[in-house]
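1. I'll drop the sequence and a predicted model, then ask my questions.
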Amino acid sequence: MPNTQPVANQTINGAFDIKDCSLITISTGLRALNLREFRNGIEQCPAECFEYHFFATKLRPAFDDPEYPNDFAAWASHSLGDRALAERLGTLNPLEYSDEELLRGTILDILEEDLCKSESLVWAKPAHEFTFLRSQMVIYDTGLAPETPEQLAKLISQLSTGSVYYHFIESRRRLESQGGEGLSYERNDYCAWLESFGSEYSSLTEKLSQIDFYFCSLSELKDRISNAFLNI
């Protein structure tokens, strides 16, 4: 049965409880047709919007190997025709910020600078306005619960991109809420589970924690995770 609430524990009697997920998209009511409106939307939107527009893009098939890694950069390029702004927004790595408010501040600085340089506002076509979105996660049981890292290694190739997203990306926020020290891509469900075996799989945990997932697709991320599990 699907569950729309975050799952606090990823183990069942010590086994790794593999989940899958999908997202229900929710509009915030904020929209933008030009850069000034976009800047105001960034200032007003809920913090959850940054999680959606920077990370949830990976769950959308159209964003498999995208030109730009986040929705903000893609809109600046394709709807406003401002490739210079798109490049600046596209190089932002949200994992370098300890919270969404710091990320918000950086984006606002970039937009203010661009607005100061612009002599006139470029308007997007009505069908190409930017809509600020957030999402609700729906979590599914897969029925898979490997008891050892070796068993999990054999299942990695079978995992859906939704499962990879849930256990490697969404887990950052869930683990933070359980007493972590801020958002960090070094923390994920796989590493948290492997640590329960003591130091036996410390080298594997280190390999997984070093995967920088933001600039790769979920398919690429799954391959990197699978490669990390090789020869354990």
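-> Thanks, I have the structure now.
2. mind exporting stretch 203-223 as CSV, just the C-alpha atoms?
-> Coordinates of the C-alpha atoms in stretch 203-223 are reproduced here as CSV (Å, rounded to 0.1, in the frame of the first residue of the first chain):
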residue,chain,number,x,y,z
SER,A,203,35.2,1.0,2.5
LEU,A,204,31.9,0.5,0.7
THR,A,205,30.3,3.2,2.9
GLU,A,206,33.1,5.5,1.9
LYS,A,207,32.6,4.8,-1.8
LEU,A,208,28.9,5.5,-1.5
SER,A,209,29.3,8.7,0.5
GLN,A,210,31.7,10.1,-2.2
ILE,A,211,29.1,9.8,-5.0
ASP,A,212,28.1,13.4,-6.0
PHE,A,213,24.7,12.7,-7.5
TYR,A,214,23.4,16.2,-8.3
PHE,A,215,24.8,16.5,-11.8
CYS,A,216,23.9,13.0,-13.0
SER,A,217,20.7,11.4,-13.9
LEU,A,218,19.1,8.7,-11.8
SER,A,219,20.1,6.0,-14.3
GLU,A,220,23.7,7.2,-13.9
LEU,A,221,23.3,7.3,-10.2
LYS,A,222,22.1,3.7,-10.1
ASP,A,223,25.1,2.6,-12.1
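3. Report the buried residues of that stretch.
-> 204-205, 207-209, 211, 213-214, 216-218, 221-222 (16 or more other Cβ atoms under 10 Å). Quick note: C-beta positions are derived from backbone N, CA and C, even for glycine.
4. dump the residue contacts of P149.
-> When contacts are counted by Cβ atoms under 8 Å, 6 or more residues apart in numbering, P149 touches 194, 197, 201, 204, 229, 232.
5. on that earlier part again, quick one: which two of the buried residues of stretch 203-223 are the most distant?
-> Greatest spatial distance in the buried residues of stretch 203-223: T205 and S217, 23.4 Å, computed using Cβ to Cβ.
6. can I assume R134 sits in a strand?
-> Yes - per DSSP: H, G, I helix; E, B strand; the rest coil, R134 lies within a strand segment.
7. Relative to C21, how far out is it?
-> 15 Å (Cβ to Cβ, to the nearest Å).
8. And for W75?
-> 25 Å.
9. next one: I139
-> From I139 to C21 the distance is 5 Å (Cβ to Cβ).
10. In the contacts of P149, find the pair that's most separated.
-> Taking Cβ to Cβ as the measure, the contacts of P149 reach their widest spread between F197 and F229, a distance of 13.7 Å.
11. the more surrounded of those two?
-> F229 (21 against 14; other Cβ atoms under 10 Å).
12. Show the pLDDT at the more buried one.
-> F229 is assigned a predicted lDDT (pLDDT) of 96.
13. quick one: contacts for the closest residue to it other than its chain neighbours?
-> Excluding its sequence neighbours, the residue lying closest to F229 (Cβ to Cβ, 6 or more residues apart in numbering) is A153, at 3.8 Å. The neighbours of A153, taking Cβ under 8 Å, 6+ apart as the test, are 226, 229-230, 232.
14. Need the residues touching each of I139 and C21.
-> The contact sets of I139 and C21 overlap at Y166 (Cβ under 8 Å, 6+ apart).
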